[in-house]
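Asks: Sequence and predicted structure are below.
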Amino acid sequence: MKQADNATVDATLDATGLLCPLPVLKARRALKPLAPGAVLEVLATDPGATKDFEHFCQTTGCELLEVGEQPGGELRILMRKPG
């Protein structure tokens, strides 16, 4: 698990209730209009989302800033768009 150091969230994607691969696909779409260096927050409930986003960041150059579990089992993933 990674914790972000005072990262400012530029956009939030609510992917709760969606199963693999939808959270990652929606995140890819949500990142497109963001400026380089922008931070996207993804909220997800799919237990496989952590590994999916780790792989997504490795293959796209995004920086995985934080992966943490919120109360109720919701995952919060922060990633920075490359550039």
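Replies: All right, it came through fine.

Asks: Please enumerate the strands of the protein.
Replies: Taking DSSP state E to define them, one finds strands in the chain at 11-15, 39-44, 63-69, 75-80.

Asks: Now mean pLDDT too, for those, in a markdown table please.
Replies: Converted to a markdown table, these look like this (pLDDT from 0 to 100):
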| stretch | mean pLDDT |
| --- | --- |
| strand 11-15 | 97 |
| strand 39-44 | 97 |
| strand 63-69 | 95 |
| strand 75-80 | 97 |
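
Asks: With distance to Ala27 and mean neighbour count added, can I get the ones you listed in a markdown table?
Replies: Where C-beta positions appear, they are placed from N, C-alpha and C, glycine not excepted. Formatted as a markdown table, the strands of the chain follow (distance: least, Cβ to Cβ, whole Å; neighbours: other Cβ atoms under 10 Å):
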| stretch | distance to Ala27 | mean neighbour count |
| --- | --- | --- |
| strand 11-15 | 6 | 16 |
| strand 39-44 | 5 | 22 |
| strand 63-69 | 11 | 16 |
| strand 75-80 | 8 | 22 |
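
Asks: okay, these in a markdown table with distance to Leu31 next?
Replies: Formatted as a markdown table, those follow (distance: least, Cβ to Cβ, whole Å):
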| stretch | distance to Leu31 |
| --- | --- |
| strand 11-15 | 8 |
| strand 39-44 | 6 |
| strand 63-69 | 12 |
| strand 75-80 | 8 |
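
Asks: Of these, give the one that comes closest to Glu54.
Replies: Closest to Glu54 of the strands of the chain, according to Cβ to Cβ: strand 63-69, at 6.3 Å.

Asks: Just the CA coordinates for that closest one, please, in PDB.
Replies: What follows is strand 63-69, C-alpha atoms only, in PDB (Å, rounded to 0.1, in the frame of the first residue of the first chain):
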ATOM      1  CA  GLU A  63       2.800   7.000 -11.100                       C
ATOM      2  CA  LEU A  64       0.800   5.000  -8.500                       C
ATOM      3  CA  LEU A  65       0.700   7.400  -5.600                       C
ATOM      4  CA  GLU A  66      -1.600   5.600  -3.200                       C
ATOM      5  CA  VAL A  67      -3.600   2.400  -2.800                       C
ATOM      6  CA  GLY A  68      -5.700   2.200   0.400                       C
ATOM      7  CA  GLU A  69      -8.800   0.600   1.700                       C
END
